[in-house]
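> Return atomic coordinates for the entry below.
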Amino acid sequence: MKHIYVAFFSLLIMGVTNAQDKYLTKEGYVSFFSHSIVEDIKADNNQVLSVVDSKTGKIAIQLLMRSFMFEKALMREHFNDNYVESDIYPKAKFSGSIENFDTLANLSSDIRIVGTLSLHGKENNIATDATITVEANKLILTGEFDVKVADYDIKIPALVKNNISKTIKVSFELHHTPYK
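This next block holds a predicted model:
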């Protein structure tokens, strides 16, 4: 019986220790911007889930496509129904790592994030430069990268092909706090 208590206590301590290595946000920010000769399109999402493992530098990000907010309701409807097909592909996910995370020395450092972006049923490798800031028990990641619409098999009807850029600028700001 004593061995069972020791094993249980050891697992409990390991779980608490591992939880302290994780940083989490449920209110991260991701936006995208499309510039074309006809119009600019911008959408914001403040409901982004992100987890960073401070031991390994692994990062996972997930967001609901329907959580993007647009200037015009019709843009949001077209985005969800016609382009990203949110009923079929409700989430976008990123899984990767922060390169050389274990060697970061400054409170603010330029970093490289590499991994796989899953969007619209397709997966592609992404690599981007970003900034990581550590302040008052927070881990903040900011950066941007480009996404080619064709890489994710998102079809743009010929009627509006000049309204939407072939390459979309994605920006992110993720304020993580220790996971408890």
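> Tell me who's in contact with residue 133.
By Cβ atoms under 8 Å, 6 or more residues apart in numbering, residue 133 lies in contact with 107, 108, 139, 140, 142. Every C-beta, even on glycine, is put in place using the N, C-alpha and C of the backbone.
> Give the pairing partners of the host helix or strand of it; include direction for each.
Using DSSP states H and E, residue 133 maps to strand 122-135. Paired neighbours of strand 122-135 in the sheet (DSSP bridges): strand 108-119 (antiparallel), strand 138-148 (antiparallel).
> Run through who's touching the longest one.
The one in question is strand 108-119. With Cβ under 8 Å, 6+ apart as the criterion, strand 108-119 contacts 59, 84, 89, 91-101, 104, 123-134, 141, 143, 147, 152.
> Just the buried ones among these, please.
Buried members of the contacts of strand 108-119, scored by 16 or more other Cβ atoms under 10 Å, are 59, 84, 89, 92, 94, 96-98, 101, 104, 126, 128, 130, 132, 134, 141, 143, 147, 152.
> Contacts only, for the residue nearest in space to the middle of the chain.
For the chain, the residue nearest the mean C-alpha position is residue 61 (3.9 Å; Cα atoms, centre = their mean). Counting by Cβ under 8 Å, 6+ apart, residue 61 touches 28, 30, 48, 49, 50, 93, 94, 95, 172, 174.
> ok, and the most crowded of the residues you listed?
Within the contacts of residue 61, residue 174 tops the neighbour count with 25 neighbours, counted by other Cβ atoms under 10 Å.
> show me what contacts the nearest residue to that residue once chain neighbours are set aside?
Leaving aside its chain neighbours, residue 174 sits nearest to residue 28 (4.0 Å; criterion: Cβ to Cβ, 6 or more residues apart in numbering). By Cβ under 8 Å, 6+ apart, the contact set of residue 28 is 46, 48, 49, 50, 61, 63, 172, 173, 174, 175.
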